[in-house]
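Student: Sequence and predicted structure are below.
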Amino acid sequence: MFGGFAAGSLASRIEDAEPVAVVSADAGSRGGKVVPYKPLLDEAIALSKHKPQAVLMVNRGLAPMHLQPGRDHDWAALARAAHQRRGALRMGGIHAPQLHAVHQRHHRQAQGRAARHGGLHRGAGRQHEAHL
């Protein structure tokens, strides 16, 4: 997620995409000012009918962030643990397998397109497929 949405708009996108996990940073910067993302994301998930199983947070050190036990995970801690295990990344029962270059890895809502059937699908090999 990025800091261009109000909580209600982000909640609508979460409902449309029905993600298993959301990746976000602790905060971003707009006009030289820090914009905390985590409180916005927490509010959006609370408003959304769909609840992601996991939230992966990248701590950029810009703003304090509270991780909700069982749902929120620190990206750096997971990466260290995965590196130490030298195996598959596992977090809260979610398994991240290796993917072929053409595997659809995520769904991103197309800019300006609110229809539930619309969106942009990006493959792991950088192929893009638009569904209008």
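Tutor: Structure's in. What do you need?
Student: What segments of this structure are strands?
Tutor: 21-25, 27-30, 33-36, 54-58, 72-74, 89-91, 94-96, 104-108, 119-123, 128-131 (DSSP state E).
Student: what stretches of this structure score poorly on pLDDT?
Tutor: Judged against pLDDT under 70, the low-scoring parts of the chain cover residues 1-4, 86-132.
Student: hmm, 50 instead?
Tutor: Within the chain, the stretches with pLDDT under 50 are 88-91, 106-115, 117, 120, 125-132.
Student: Can you name the residues that contact the residue lying closest to residue 47 once chain neighbours are set aside?
Tutor: With C-beta to C-beta, 6 or more residues apart in numbering as the measure, residue 11 is the residue that lies nearest to residue 47, at 3.9 Å, once sequence neighbours are left out. Any C-beta I mention is one placed from the backbone N, CA and C, and that applies to glycine too. Residues in contact with residue 11, defined by C-beta atoms under 8 Å, 6 or more residues apart in numbering, are 43-45, 47-48.
Student: Ok, residue 59 next?
Tutor: Under the contact definition (C-beta under 8 Å, 6+ apart), the residues listed for residue 59 are 25-26, 65, 74-76.
Student: Right, I'll leave it there.
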